[in-house]
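Novice: here's a sequence, model it:
(2 chains)
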Amino acid sequence: MDYDVVEYKHTRDGRTIYQASSIGTSKVYAAKYKIEGDYPDSIIHPVLGNVKDLINEGFFTSDQKDNIVINAIDDAKAMLKVNDRLYHDVEIIYVAMHAGAESGHIIITIPEASACLRCSLDVRSHRDIHTLHGEPGLAVNIRHVANQCAAIAFEILYFKATGRPIERWDIKKNVFYFANKREQLSPDGPAVILQEAEKRPGCRICSVIPSKPLLKDYHYD
Amino acid sequence: MINADILSTIRPRDGQKLSRTVFSPEENTNSTTTVLQMLFRELASLRQQVNSLALSQAGPRQPKHEYYSDNEPVVERRVEPKKMRRVFD
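Specialist: As a prediction, this is how the structure comes out:
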């Protein structure tokens, strides 16, 4: 789901799946052709539109049984809208890179069980989140986080399809911080730091009495 | 044959026997193999002495590097949410 068109800046440095031949094509269709070409058994249903508008138009409904939502948007308003609208309905994985791609994060929200995006980032409004434009960064660092995101998504989907317990990580911990180099949080070198975000008291999104899926349903130890 | 079983048969150093063999070949068979056997035996004996000396002077064995230690305190690192608020996709 995207409304944008592939430009030259999206194809250089190998940081995205878009190829030079896709310049001028809408991103969703470029991605569809690329993925379906590489994996002939896959079927991509592209939706050309802005997530914010689609939510307003009721594109997502409570009856919709989406298995998982992966949010790779850096638009703060859209991100929080996805959180506010879909938190109670489906598992959402938010993936993003930080300055220089020297680190990145993945935040997983499980309906009613884990903290929502607002609580995980401890933000009140979209103004607290800043989008970086034209940020330099090595493709290998971006791919690392993207691959982890894919692995997490598959693990959750596999659980939902088969009931096999999630063992890859402690499901209580819903924030993955990826340090791609030595830094204060990882003084020895690249590392992944997992932690559990806490629900803020009185959060209008996630501080509600659990009624549907609980964390124990994920069979974590 | 000069092989491992000669080296594995570590005997005390016997320089006299070696000298006798080299300079008075009549006491033993006069063949190159025999001389070489004696030399290897000599080398094995020396090696054993050096090893024994080294072990007697060495302290308790320690690994070169301890990758993990149970005694080290586990540092719980906490990522501040504000570190994750400047993002790009």
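Novice: which bits of chain A sit near chain B?
Specialist: A:72-74, A:95-99, A:103, A:105, A:107, A:120-123, A:128-133, A:135, A:137, A:175, A:177, A:185-186, A:193, A:195, A:197 (Cβ under 8 Å from any Cβ of the partner chain). In short, each C-beta sits where N, CA and C put it, glycine included.
Novice: show me the residues you listed that map onto helices.
Specialist: Helix and strand membership here follows DSSP state H; of the residues of chain A next to chain B, those in helices are A:120, A:121.
Novice: give me the buried entries from the residues of chain A next to chain B.
Specialist: Members of those that pass the buried threshold by neighbour count (16 or more other Cβ atoms under 10 Å in any protein chain shown) are listed as A:73-74, A:95-98, A:103, A:105, A:107, A:120-123, A:129, A:131-132, A:135, A:137, A:175, A:177, A:186, A:193, A:195, A:197.
Novice: in chain B, what spans have low per-residue confidence?
Specialist: B:1-30, B:62-70 (pLDDT under 70).
Novice: and it, which residues reach chain A?
Specialist: Near chain A, the residues belonging to chain B are B:77, B:78, B:79, B:81, B:82, B:83, B:84, B:85, B:86, B:87, B:88, B:89 when assessed by Cβ under 8 Å from any Cβ.
Novice: may I see these organised as a markdown table, with neighbour count added?
Specialist: What follows is these, written out as a markdown table (neighbours: other Cβ atoms under 10 Å in any protein chain shown):
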| residue | neighbour count |
| --- | --- |
| B:77 | 14 |
| B:78 | 9 |
| B:79 | 18 |
| B:81 | 17 |
| B:82 | 11 |
| B:83 | 16 |
| B:84 | 23 |
| B:85 | 17 |
| B:86 | 16 |
| B:87 | 24 |
| B:88 | 19 |
| B:89 | 16 |
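Novice: so of those residues, which ones are in strands?
Specialist: Counted as lying in strands by DSSP state E, out of the residues of chain B next to chain A, are B:86, B:87.
Novice: list the contacts of residue A:137.
Specialist: By Cβ atoms under 8 Å, 6 or more residues apart in numbering or on different chains, the contact set of residue A:137 is A:15, A:97, A:100, A:101, A:102, B:88.
Novice: please identify which pair of these lies farthest apart.
Specialist: A:15 and A:102 (14.3 Å; Cβ to Cβ).
Novice: settle it for me: which of those two has more neighbours?
Specialist: Applying other Cβ atoms under 10 Å in any protein chain shown to residue A:15 and residue A:102 shows that residue A:15 carries more neighbours, namely 21 against 17.
Novice: roughly how far apart are the more buried one and residue A:99?
Specialist: The span separating residue A:15 from residue A:99 equals 15 Å under the rule Cβ to Cβ, to the nearest Å.
Novice: try residue A:162
Specialist: Residue A:162 sits 39 Å away from residue A:99 when distances are taken as Cβ to Cβ.
Novice: what's the answer for residue A:48, then?
Specialist: When distances are taken as Cβ to Cβ, residue A:48 and residue A:99 turn out to be 31 Å apart.
Novice: what of residue A:135?
Specialist: Applying Cβ to Cβ, the value for residue A:135 to residue A:99 is 7 Å.
Novice: where does residue B:33 fall, secondary structure wise?
Specialist: Here residue B:33, judged by DSSP states H and E, is contained in helix B:32-57.
Novice: could you list the buried residues of that helix?
Specialist: Along helix B:32-57, these residues count as buried under the neighbour rule (16+ other Cβ under 10 Å): B:35, B:37, B:38, B:41, B:42, B:44, B:45.
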